[in-house]
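Colleague: everything below, folded, please.
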Amino acid sequence: EFKIVFTDNEHPITKGMKPFMIHDESYRDKFHPETEDKLHHLGRIDRGKENHSMIWIHEYGDGRLFNTGLGHDEKAWPNPALQKLVIRAIYWAAKKPVKDPK
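Modeller: Numbers count the residues shown, from 1 in each chain. Got it, this is the predicted structure:
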């Protein structure tokens, strides 16, 4: 179990969301130096010395991409904060007004 904190609290996906604890595995993305500066990081793991990006987005041409290292297995998905994050990201990627799950 570890904590997720948001690095951009104004983005439509993360706006108003609070840090949350999640039971999951913390896979770390390795970013190519030429693409690192093109990604917009929205959230990171906060676990002592380990505090790397876990949530990022990228816009390319007319497309939008959302990526998260969260959601590895069935233990993570009941977490309401993860569900909210992913639902919001789907709306954002589809260029629709971002909504919270009901």
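Colleague: okay, now the unreliable bits of the protein?
Modeller: Where the chain drops to pLDDT under 70, the residues are 28-36.
Colleague: if we use 90, what do you get?
Modeller: 25-39, 46-53, 73, 101-102 (pLDDT under 90).
Colleague: which stretches of it form helices?
Modeller: Taking DSSP state H as the criterion, the chain contains helices spanning 33-36, 80-93.
Colleague: mean neighbour count, the ones you listed: which tops it?
Modeller: helix 80-93 (a mean of 17; mean count of other Cβ atoms under 10 Å). To be clear about C-beta, it is placed using only N, CA and C from the backbone, and glycine gets the same treatment.
Colleague: show me what that one is packed against.
Modeller: strand 20-22, strand 53-60, strand 63-68 (3 or more Cβ pairs under 8 Å, 6 or more residues apart in numbering; DSSP states H and E).
Colleague: wait, isn't residue 54 in contact with residue 70?
Modeller: Yes. Counting by Cβ atoms under 8 Å, residue 54 touches residue 70, with 6.0 Å between them.
Colleague: hey, what's in contact with both of those two?
Modeller: Jointly contacting residue 54 and residue 70 under the rule Cβ atoms under 8 Å, 6 or more residues apart in numbering are residue 4.
Colleague: and those two? which has more neighbours close in?
Modeller: Taking neighbours as other Cβ atoms under 10 Å, residue 54 and residue 70 compare with residue 54 leading, 25 against 22.
Colleague: wait, what's in contact with that one?
Modeller: Here residue 54 is in contact with 4, 26, 43-45, 68-70 (criterion: Cβ under 8 Å, 6+ apart).
Colleague: so among the residues you listed, which ones count as buried?
Modeller: The neighbour-count test (16 or more other Cβ atoms under 10 Å) marks 4, 43-45, 68-70 as buried among the contacts of residue 54.
Colleague: which ones among those residues map onto strands?
Modeller: 4, 43-45, 68 (DSSP state E).
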